[in-house]
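# with the sequence up front, the predicted model follows.
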Amino acid sequence: MKRHAFTLGLASALVVMGHLAHAADLRIGLQDDPDTLDPDQGRTFVGRIVFAAMCDKLVDITPELKIIPALATGWKWSDDGKALSMDLRQGVTFQDGEKFDAEAVKYNIERSQTLPESRRKSEVKSIASVEVNGPYSVTFHLKAPDATLLAQLADRAGMMVAPEVAKKEGDKFGLNPVCVGPYKFQSRVAQDKIVLVKDPNYYDAKDYHFDKVTYLPIPDTTVRLANLRAGDLDMIERLAATDVKSAEKDPKLVVKKATSLGYQGITFNIGNGAMAKNPFGEKAKLRQALSLSIDRNAINQVVFNGAFEPGNQPFPPGSKWYDKAFPVQPQNIAEAKKLLQEAGDPHPELTVQVTNNPVQMQLMQVIQSMAAQSGIKIKIVAKEFATLLKDQTTGDFEASQIGWSGRIDPDGNIYSFVVTGAGLNDGHYSNPQVDALLNKARLTTDDAVRKQSYDAAQAILLKQLPIVYLYHPVWIWALNKKIEGFTPYPDGMIRLKGVKFAG
Amino acid sequence: MLGFILRRLLIAIPTILMISVFVFSLQKLLPGDPVLAMAGEERDPATIAFLRQKYHLNDPVPEQYARWVLAAAHGDLGISLRTNQPVLQLIEEKLPVTIQLAIMAMIVALVIGLPAGVLSAYRRNTWVDWLSNAVALSGLSIPNFWLGIMLILLVSVRLGWLPASGYVSPWVDPWRSIQVMLMPAFVLGTGLAASLMRHTRSAMLGVLKSDYVRTARAKGLSERSVLVKHALRNALVPVVTVTTLLFGELLGGAVLTEQIFTIPGFGKLVVDAVFTRDYAVVQGIVLCTGVAFIAMNLLADVAYRLLNPRMRDQ
C-alpha cells in the first residue's frame, strides 16, 4: 500500500512538473520566417519581434512612444545638439558572460557603421565618433544635430551584441547571436522554429516568466489562428482583420490591438525617368482629384472589416505629429470632377502597380471603382513584391501602391520619402521648401518646434500629394486567455516583460 | 543489370547539368533585384554595392554559373542570401522532413489506391466500381488547400485529436512525429491514391481480359489466387512505374500542403527562396530534387525489370 502511495505521489509529482515545464513555455506564431538574427544585418519585421525578447536596446519606448531608459539609464543632449551623453546600466552581462560597458557600446555603434553587410548605416550616419568617458559612460559626437538619433537607438541600431562573439563570427553572427536580453538564443530550424531560453543572469530576470520562448513562422493567417484555437500556440501576431470578429467571440481567446506607426498609400512617379511624364505625374490637381474620389472609411469597412484606421498623412490621426488642420476628407466626387476639369483632363488614365496579394489587390479594385465615379480610369498591374520594388526604384512605374512599416520618430515616416534625393524617394519628388522644413525639424530636440516644421511641410505636401495616404494598419494579436500582462505597442513588437500564464 | 544501372547513371550527369543550366538562366530572367530585396529598408548605396560584389552579382551570368558548378562539384552549394545559412545545411535539415512526408503520403496512397483499383476492376460496373470511381474523382478534384484547412478545423480545432501543424522529428518523438504528419500525409495521399486507383484499375482490366487469366480460372484456381497471384502481379508493372514517379515528384516538395500544415520541407523553402530571389537556395534545391527524381526514375526501371523478366534482356 505504501509503495502504491509512493508511486502515486511520484506520478502526480511528475504530472505536475510536466505541467509546469509546459506551462513555462511560450509559443508564438509569426507571419513570416525571420531573416538573419544579427541586429546589424536584420531587415524583417518578424526578425525584430524575435530581437525584442533577445537583444536589449540602449533605450526603449512606452506604448505612447515616449523614450525610456533600457541599457542606458539616462542621457543628456549638449546645448548645440551635437553631442549625446549616456549613462549605462552597471552590472550587466551579455548572454555569454561578457561584460557590458562603454567599450561595448562604442564597438556596437562602430559595427553598425562599418560592417560591410550592415543595414543600419543610415540610422547611425549622424554619429561622427563615440567617446568612452568612463566604464559606464559614453558620448556620441554628431556631425550635425540629429533629433532622430534617440529613436534610432530604441530599435535595431541600439541593440547591443556581444563584442567578442561578433568579432569572431563577423557576418555569420546571426547564426548564433549573443546579446544582452532576457532570453538567449538556443536553436533555429529555418522556416520551422526559433527557440530562445531564459538567461538567468539577465539583470531583470525576475520580470520574465517563461523558461523558453518558441517562435513558429506560419504564413497562412487562417492556419495560424487554427493553431491558436487548437492550443498548439499561445499567441499569434497579425491576425487577419476579417478574423477579428470570430476570434473575439471565442471564449478561449483575447484580441489585442494597436494602431501601427506605418501607413499604406499610393506613391506617384513625379520625376523618376521617362515614366514620370504622365498626367498624374505632371499635374497635382489630378492627384488631388484621385484623393478626393477615395472614400477611406468605406475602404476600411469593405476591405478590412473596419479594423484598420483611415488616414491621409504619414502619421496616424491619433499621433501627436498628426496635423489636425487637415483631417481625413470624406469622398467628394463633385469636387474631384471640378479639379479634373480645371486641369483640362476630365478622363485621365493611370496605371497603378500593386503587390499581388489578395488584400492589396482588393484594396486597389475598390479604389479603381471609386476613381471611376469621378472619371479617372485606373489600370491595375499586379506584381510580385521584389519586382514591384525594383520597378519602383528604377522609375518604371506611374503610381505604386506601397506602404511603410513606420518609425518611432516622425522623421522616419516622412523624410526619406519626400526630400530631394533621399533614399526612399522613388517618385523623385523635389521641393526646396519641403527639404528646408524637414531638414530643420532634424536639428532640434524640442518637439513643439519640430511639430511646427512638420505641419508647415504637411501643408505643402497635402496639396502636392507626391504620396496619397490611404490607411494605417492596426496590429492585431490574438492570445490564449490564460496569458496575462501583454501590452500592445504601436511598433508591433511583442515585449515579454511581465507577461505570464495566469494562475 | 549492373551495366544497365551504370549506363543510366552516366546519362544522369548531363541531365542534371542541363537542369541546372535551365534553372540558373530562368532565375536570372526573373524580374526584380535580389540585392534590393536583401537591403530591405536600408538603401545605402555602399551597402548595396558591397552586397552585389559579395555575391558576385555583377559578374557575367556564365561566369556566375561556372563558379556555382565548380563549388557544387566540391560539395559547396553556397550560402543563403536571406539567412546566411549554408545551403547544404538547409537541405540536410529539410530533406528528412520531405522524405518522411513523401513516404507517409505514399503509404496512404497505396493503402487506399491499390485495393480500390483492384476491386473496382474486379467488380466492374457494380456499385463498388462506381463508388471507387466517385471517391477517386473527388480525391483528384478536391484542392489540397481546402481539404487541409477543413481537416485542421475539424480534427484539430473542433475535435482536438491531432496537432494542427508544425513538425517534430521522428528521432525526437516518434509518436508525435507520426501524429503531426498524419493529416498532411492524408491530404497529399488522397490525391495520389486517386491516380493510383485509376492506373491500377485500367491495368487490371486489361490483365483480367487476357487469356492466361481465363486459363488460370479454367484450371480451377481460387478467385483470390487468380486475382492476387496472377492478375495483380502483371498489372503491377505500370503501377510501380507510376508509383515511383509520383514518389519522385513528392520529393520535390509539396508546396501547398507544406504551406498549410507549416511543414518545413523543400516546398516551403523553395517558394520563399524564389520570392526573395535567394538564388543559391533555389539552385541547391532544384539540383537536389533533380537528383532525387532521376534516382526514382532509375528505381522504376529497375523494378520494372525485376517484375517483368522479359524486359531484362533488352
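It's in.
# output the set of residues of the stretch 101-250 of chain B in proximity to chain A.
B:149, B:152-153, B:156-157, B:160, B:163-167 (CB under 8 Å from any CB of the partner chain). Any C-beta I mention is one placed from the backbone N, CA and C, and that applies to glycine too.
# so for stretch A:328-347, mean pLDDT?
Average pLDDT, stretch A:328-347: 95.
# so where is the chain shaky, pLDDT-wise?
Picked chain A for this. A:1-23 (pLDDT under 70).
# not quite, I wanted chain B
For chain B, the ranges with pLDDT under 70 are B:41-42, B:253, B:311-314.
# which residues touch the spatially most central residue of it?
Centre of chain B computed as the mean C-alpha position; nearest residue by CA atoms, centre = their mean is B:Leu250, 1.1 Å away. Counting by CB atoms under 8 Å, 6 or more residues apart in numbering or on different chains, B:Leu250 makes contact with B:98, B:101-102, B:105-106, B:188, B:192.
# closest point of chain A to chain B, which residue?
Here chain A gets closest to chain B at one residue, A:Arg43, 2.7 Å apart by CB to the nearest CB.
# can I get the residues of the stretch 101-250 of chain B next to chain A in TSV with neighbour count and secondary structure?
Supplementary listing: those in TSV, determined by neighbours: other CB atoms under 10 Å in any protein chain shown; DSSP: H, G, I helix; E, B strand; the rest coil:
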residue	neighbour count	secondary structure
B:Ile149	18	helix
B:Ile152	28	helix
B:Leu153	18	helix
B:Ser156	22	helix
B:Val157	18	helix
B:Gly160	12	coil
B:Pro163	22	coil
B:Ala164	28	coil
B:Ser165	28	coil
B:Gly166	21	coil
B:Tyr167	25	coil
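# count the neighbours of the residue in chain B that chain A sits nearest to for me.
In chain B, the residue that lies nearest chain A is B:Gly40 (2.7 Å; CB to the nearest CB). For B:Gly40, the neighbour count with other CB atoms under 10 Å in any protein chain shown is 17.
# apart from its chain neighbours, what residue comes closest to it?
Distances taken as CB to CB, 6 or more residues apart in numbering or on different chains place A:Arg43 nearest to B:Gly40, at 2.7 Å, with adjacent residues excluded.
# how many neighbouring residues does that neighbour have?
19.
# where's it relative to B:Asp211, distance?
70 Å (CB to CB, to the nearest Å).
# check contacts around the most centrally placed residue in chain A.
Nearest to the geometric centre of chain A sits A:Ser405, at 4.3 Å (CA atoms, centre = their mean). A:Ser405 is in contact with A:45, A:260-262, A:492, B:41, counting by CB under 8 Å, 6+ apart.
# what sits up against stretch B:44-59?
With CB under 8 Å, 6+ apart, stretch B:44-59 has contacts from A:116-119, A:121-122, A:423, B:34-36, B:38-39, B:63-64, B:67, B:81, B:279.
# pull out the buried members of those residues.
Neighbour-count burial within these applies to A:117-119, A:121-122, A:423, B:34-36, B:38-39, B:64, B:81, B:279; the criterion is 16 or more other CB atoms under 10 Å in any protein chain shown.
# so stretch A:357-364, near chain B or not?
No: shown here: stretch A:357-364 not in contact with chain B (CB under 8 Å from any CB), separated by at least 11.1 Å.
# burial count for residue 57?
Chain wasn't specified; assuming chain A. The burial count for A:Lys57: 24, using other CB under 10 Å.
# sorry, I should have been clearer: chain B.
B:Leu57 is flanked by 17 other residues according to other CB under 10 Å.
# from A:Gly134, how far off is it?
For B:Leu57 relative to A:Gly134 (CB to CB), the value is 45 Å.
# same question for A:Ile494.
35 Å.
# so the two - more neighbours on which side?
Higher neighbour count among A:Ile494 and A:Gly134: A:Ile494, with 24 against 10, using other CB under 10 Å.
# follow-up on the earlier one: dump the residue contacts of the residue of chain B closest to chain A.
Shown in contact with B:Gly40 (CB under 8 Å, 6+ apart): A:43-44, A:119.
# just A:Thr242 next, same as before
A:304-305.
# rewinding a little: correct me, but the residue nearest to B:Gly40 touches B:Leu36?
No: if you go by CB atoms under 8 Å, A:Arg43 and B:Leu36 don't touch, sitting 10.9 Å apart.
# dihedrals phi and psi, the residue lying closest to A:Leu150 once chain neighbours are set aside?
Sequence neighbours aside, A:Ile67 is the residue nearest to A:Leu150 in space, at 5.3 Å (criterion: CB to CB, 6+ apart). Dihedral pair for A:Ile67: phi -80, psi 130, per degrees, to the nearest 10.
# my hunch is that A:Ala382 is in a helix, does that hold up?
No: counting by DSSP: H, G, I helix; E, B strand; the rest coil, A:Ala382 is not found in a helix; it is strand.
# nearest spatial neighbour of it, skipping sequence neighbours?
In space, A:Ala382 is closest to A:Asn356, 4.1 Å off (CB to CB, 6+ apart).
# backbone dihedrals for the one you found, both of them.
The phi/psi pair for A:Asn356 (degrees, to the nearest 10) is phi -80, psi 50.
# how many other residues sit next to it?
14.
# repeat for B:Ser25
Close neighbours of B:Ser25, defined as other CB under 10 Å, add up to 12.
# can you check B:Ser222 too?
Neighbours of B:Ser222 (other CB under 10 Å): 11.
# and for A:Val130?
Under the neighbour criterion other CB under 10 Å, A:Val130 is assigned a count of 20.
# may I have stretch A:252-261 as PDB, with CA atoms only?
The C-alpha trace of stretch A:252-261 is given here as PDB (Å, rounded to 0.1, in the frame of the first residue of the first chain):
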ATOM      1  CA  LYS A 252     -10.700  30.900 -25.100                       C
ATOM      2  CA  LEU A 253      -9.100  33.900 -26.800                       C
ATOM      3  CA  VAL A 254      -8.400  37.500 -26.300                       C
ATOM      4  CA  VAL A 255      -7.700  40.000 -29.100                       C
ATOM      5  CA  LYS A 256      -5.400  43.000 -28.500                       C
ATOM      6  CA  LYS A 257      -4.800  45.900 -30.900                       C
ATOM      7  CA  ALA A 258      -2.600  48.900 -31.500                       C
ATOM      8  CA  THR A 259      -2.600  51.300 -34.400                       C
ATOM      9  CA  SER A 260       0.700  50.900 -36.200                       C
ATOM     10  CA  LEU A 261       3.300  53.500 -36.900                       C
END
